[in-house]
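J.: Got a predicted structure plus its sequence, pasted below:
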Amino acid sequence: MRNSRPMILLFPLVCFLSSIISILCEPNTLGVCNEKEKHALLRFKQALSDPANRLSSWSMDEDCCRWEAVRCNNVTGRVIELHLDNPHDSEYEFSINFMLGGEISPALLELEFLSYLNLCWNNFEGRSIPSFLGSMGSLRYLDLSVARFGGVVPHQLGNLSTLRHLDLAYNYELYVENLDWISHLSFLKYLSLKRVNLHREVHWLESMSMIPSLSELHLFDCSLDRNMVSSLGYANFTSLTVLDLSWNNFNLEIPNWLFNLTSLAILSLSESQFKGQISESFGQLKYLESLNLGFNSFHGPIPTSIGNLLSLRYLLIEGNPLINGTLPTSLGLLSNLEHLEAGGTSLTGNISEVHFTTLSKLKVLSIYETSLSFHVNSNWTPPFQLEYLQADSCKIGPKFPAWLKTQKSLFYLSLSSSGIVDTTPNWFWKWASSIQGILFFDNQISGDLSQVVLNNTVLDLSSNRFSGQLPLLSSNVVLLNIANNSFSGQISPLICRKKDGRNKLEVLDISNNALSGELSDFWMHWPSLTHINLGSNNLSGEIPNSMGSLVALKALSLQNNSLYGDIPSSLQNCKVLGLISLSDNKFSGIIPKWIVERTTLIVIHLRSNKFMGDIPPQICQLSYLRVLDLANNNLSGTIPRCLNNINSMGAGPIEGDFNVLEADYDYEYYMESLILNIKGRDSKYKEILRYVRMIDLSSNNLSGSIPVEIFSLSRLLSLNLSHNHLMGMISMEIGGMEYLESLDLSRNSLSGEIPQTMVNLTFLDDLNLSYNNLSGRIPSGTQIQTFSPLSFFGNAELCGAPLPKNCSEDEEVTQSPTGVGENREYPEIAWFYVGMGSGFFVGVLGVCVTLFFQRAWRHAYFQFVDDIKDSAYVAIAIKLKWLHQKLGIYNVG
């Protein structure tokens, strides 16, 4: 009984403590909401727009402490936190529907104990940040990022003396006039002003360095430049662990005060136009875990002191083309390094095992577009397990790197243009089956892939020496580019094989191989295809109807084969088709009406076939059209007069879905390419294809006049109407084609004078008006006279430069003693001789004048002549003596 008395006394105490803990841990246990604050919140809600009805729980009938996004003090019931950030901020397209907007009501001022306010990822449509927020003295956390606030940042925010966290990043043209107020936030630990324009504030550094508690400072893309860098030799950021100054315009060397920030763990200076050498002083920042110096203008070697940063996990120096020297072996000491990016630099020399001695944690290695060479033993076993390897344009070959076999975690492997001249080893394709992206293009890798089943999401083996029949595909493959190889046989093994699961293939490029036979009629099994390029093979037969089942198809390229017949009507089911290239085949019939009514088309490339009939006038409806090439067919009739309706070639707004020309993936960027005949030569257009605007209707049987409307296509770069039966005059409106670079109207029956307005075509560098019935004087001015006479040849009544025929009445070229002037059939020969003679005269005159006025040159020249004369004399004397001796021997014999 003596021990029961203390237990009896302790029991009430335990019950009391349990009840207190229950109150503190259970939200809203008291169930009491401050009525004044409830009404304030309802007024705040009323001023907002809430299209997704996110605040539906905010009603008079409910305890405000139980409302969505509201947090109360568990004891007092006073509102302390408002979590009004968008719940779907990671998915932008989805988040739009859940954005709050409208006005921020001053009713928030009645929330006296509010310490946390988060309004990020909403849309306040450029409204100013309310200045009254500076009167909410209890705020410790304020996040207004990505909320489309605009205008000037109110200086009243400097009154929030207890604020720890301030985020104004990624808003709508927010700017700061001065930052004096920021120094009043003496307890601030986190400050993010990403994309807030600080250009007006020259003394940003002085203001921010007066916050001794500041731990993170994010000034990404704040329009900072060299005129805004403080003269302070020391910045009082004693607590700073994160500093982001990336995407600015400093255009100077890294300031010395930065190397005093010895507490830094993360430093990002990327894309800010920093220059000079990378200082050895970086070795002082011994706590650095992440260093990003990418895409600047640094030059010189990578400092060896980098090896002192033993905590470093991320090192990015890519995109500095002037960084040179070798990769320092001290990198091998960074035992915590996980991520190394040094691509896009001028680094040279060898990479050996020494560089990776302790890098057991390395996961990402990117050294693309450097001159580094791998020199490791054939039996080397790396200490790391890479997940990402990008070594394009490095010297990996000529042997296939055997050490790759040891890497079991790779999901991306890019060794393009790496000098490999070898056969893929037997182990490779099975080992590589789990890698998501493989890019080996532009090597000389060989091997027969007939029995290989490819399982990679993205695979680019183009421009190699692979051979045999086409490989087999699993349903996981999304992009397959095996162009420019030596594959042979038919396409059917790849297309017709039945697979488990739905095929995901979107891009198929087998162009420039040696495939033969007909196109198989099993395309309905590939419903995801968006880009097909089978050009430059030996394919024959007709286009199968099943291709019309490819409703997602954006680009179809079958050029340079032996295909024939009509274009099947089933292709009109391809509603998003933007590029069709059937050139250099044997297609016949009329151009189908559905093609010229497919308003999504950007490229129509049907040259060198047997199409006949008129050019359908519906072609004028294709307002996005950039390339129209119908050359070398049997088309007749007149040129449609409505071509000025093609907005993309005229003065209208530039529109069109350029995704039809490209496909962007996590590991590869596929782009369509075309061989176009511009300026009389075939050229491959790929990256700049989207900027080409051309019309080529040459080598047909078109008649009538050139419609004046075609000359209103002011953005047209190339116009070729040659080798037709066009007549009439060239309109004065041609002068409005201000961007025209190439014009060919040759081999027609055009008459009249060349319009004087052609002198306005200042970009014109290829012109052919030959073999017409043009007359009168060739317009003078700008570059017209710089073209060859061949550009105007075959127009008997034309005169003036550059033709030899003078425009004065009956005056002809002066006859020369050589009879050059008699050769009227080839007048350019006369000009050749005239130019050669005058050039020789001017050249000799120039030498003589120089020697006359330059005594030193004159003496040197005549000394040189004397030396040559003496050398010649000695050589001749020796030769004569040798000849004399020979003759003497012969006579004695």
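T.: Okay, I see it. Numbers count the residues shown, from 1 in each chain.

J.: so is Trp431 in a helix, a strand, or just coil?
T.: When classified by DSSP: H, G, I helix; E, B strand; the rest coil, Trp431 comes out as helix.

J.: Can you report how many residues lie near it?
T.: Applying other C-beta atoms under 10 Å, we find 16 residues neighbouring Trp431. From N, CA and C alone the C-beta is placed, and that goes for glycine too.

J.: which stretches of this structure form helices?
T.: 4-25, 35-47, 92-95, 204-208, 428-431, 492-495, 827-853, 855-892 (DSSP state H).

J.: Run through this structure and note the low-pLDDT ranges.
T.: 1-31, 90, 92, 228-235, 497-501, 652-658, 809-893 (pLDDT under 70).

J.: and with 80 instead?
T.: By pLDDT under 80, the low-scoring segments of the chain are 1-32, 89-94, 226-236, 496-501, 651-659, 667, 781-782, 808-893.

J.: and Ala432, how many residues sit next to it?
T.: Using other C-beta under 10 Å, Ala432 is surrounded by 19 other residues.

J.: sorry, that was for Arg313
T.: Arg313, neighbours per other C-beta under 10 Å, totals 18.

J.: wait, isn't it in contact with Leu337?
T.: Yes: the pair Arg313 / Leu337 is scored as a contact, 6.3 Å apart, by C-beta atoms under 8 Å.

J.: any residues in contact with both of the two?
T.: Common contact partners of Arg313 and Leu337 (C-beta atoms under 8 Å, 6 or more residues apart in numbering): Lys361.

J.: residues near Trp58, how many?
T.: Around Trp58 sit 20 other residues, with neighbours defined as other C-beta under 10 Å.

J.: what's the answer for Glu738, then?
T.: Other residues close to Glu738 by other C-beta under 10 Å number 14.

J.: Find me whatever residue is spatially closest to it, sequence neighbours aside.
T.: Ser714 (5.6 Å; C-beta to C-beta, 6 or more residues apart in numbering).

J.: if I look at the one you found, how far off is Glu318?
T.: 41 Å (C-beta to C-beta, to the nearest Å).

J.: Between the two, which is the more surrounded one?
T.: Under the criterion of other C-beta under 10 Å, the comparison of Ser714 against Glu318 puts Glu318 first, with 24 against 16.

J.: Let me see the ranges of the strands in the stretch 551-700 of the chain.
T.: 555-557, 562-565, 579-581, 586-590, 603-605, 610-614, 627-629, 634-637, 662-664, 669-671, 674-678, 681-685, 694-696 (DSSP state E, counting those that start in this stretch).

J.: For Ala342, find the nearest of those.
T.: strand 669-671 (21.3 Å; C-beta to C-beta).

J.: residues in contact with the closest one?
T.: By C-beta under 8 Å, 6+ apart, strand 669-671 touches Leu479, Asn481, Val507, Asp509, His531, Leu661, Glu662, Ala663, Asp664, Lys686, Glu687, Leu689.

J.: again with stretch 191-206
T.: 145, 153, 166-171, 173-179, 182, 207-208, 211, 214, 216-225, 227-230, 232, 235, 244.

J.: Just checking the distance from that stretch to the centre of its chain.
T.: In terms of C-alpha atoms, centre = their mean, to the nearest Å, the centre of stretch 191-206 is found 29 Å from the chain centre.

J.: how long is that stretch from one end to the other?
T.: When the termini of stretch 191-206 are compared using C-alpha to C-alpha, to the nearest Å, they are 15 Å apart.

J.: ditto for stretch 305-325
T.: Where stretch 305-325 begins and where it ends lie 15 Å apart, using C-alpha to C-alpha.

J.: Ok, stretch 404-419 next?
T.: OK, stretch 404-419 end separation, C-alpha to C-alpha: 16 Å.

J.: who touches the closest residue to Leu563 other than its chain neighbours in this structure?
T.: Among residues not flanking Leu563 along the chain, Asn585 sits closest, at 4.4 Å (C-beta to C-beta, 6+ apart). Counting by C-beta under 8 Å, 6+ apart, Asn585 makes contact with Leu558, Gln559, Asn560, Asn561, Ser562, Leu563, Tyr564, Ser608, Asn609.

J.: what's the burial count for the fifth one?
T.: Think Ser562. 13.

J.: Could you find the closest non-adjacent residue to it?
T.: Setting aside the residues directly before and after it, Ser562 is nearest to Ser540 in space (C-beta to C-beta, 6+ apart), at 4.5 Å.

J.: Let me know whether that neighbour touches Leu515 as I believe.
T.: No: using C-beta under 8 Å as the test, Ser540 is too far from Leu515 to be in contact (10.3 Å).

J.: Compare neighbour counts for these two and give me the winner.
T.: When Ser540 and Leu515 are compared on other C-beta under 10 Å, the one with more neighbours turns out to be Leu515, at 22 against 15.

J.: Let me see the backbone angles for the nearest residue to that one once chain neighbours are set aside.
T.: Using C-beta to C-beta, 6+ apart and skipping residues adjacent in sequence, the residue nearest Leu515 is Asn537, 4.1 Å away. Main-chain dihedrals, Asn537, degrees, to the nearest 10: phi -130, psi -160.

J.: if I look at Asn537, how far off is Asn485?
T.: Distance from Asn537 to Asn485, by C-beta to C-beta: 11 Å.

J.: what touches both of these two?
T.: Asn512, Asn513.

J.: picking up where we left off before, next, the contact list for the residue nearest to Ser562, please.
T.: With C-beta under 8 Å, 6+ apart, Ser540 has these contacts: Ser516, Gly517, Glu518, Asn561, Ser562, Leu563, Tyr564.

J.: who's it bridged to?
T.: Glu518, Ser562 (DSSP bridges).

J.: okay but Glu125 is in contact with Phe149, surely?
T.: No: contact criterion C-beta under 8 Å: Glu125 and Phe149 do not qualify, at 9.2 Å.

J.: Same drill for the two, tell me which one is more crowded.
T.: Remark: of Glu125 and Phe149, Phe149 carries more neighbours, 25 against 14, as counted by other C-beta under 10 Å.

J.: The more buried one is in contact with Asn171, isn't it?
T.: Yes: the criterion here is C-beta under 8 Å, and Phe149 meets it with Asn171 at 4.6 Å.

J.: so which of the strands of the stretch 551-700 of the chain gets nearest Asn426?
T.: Taking those one by one with C-beta to C-beta, strand 669-671 is closest: 29.3 Å.

J.: Give the partner strands of the closest one in its sheet and their orientations.
T.: Sheet partners by DSSP bridges: for strand 669-671, these are strand 662-664 (antiparallel).

J.: If we go by neighbour counts, what in the partner strand is buried?
T.: Glu662, Ala663 (16 or more other C-beta atoms under 10 Å).
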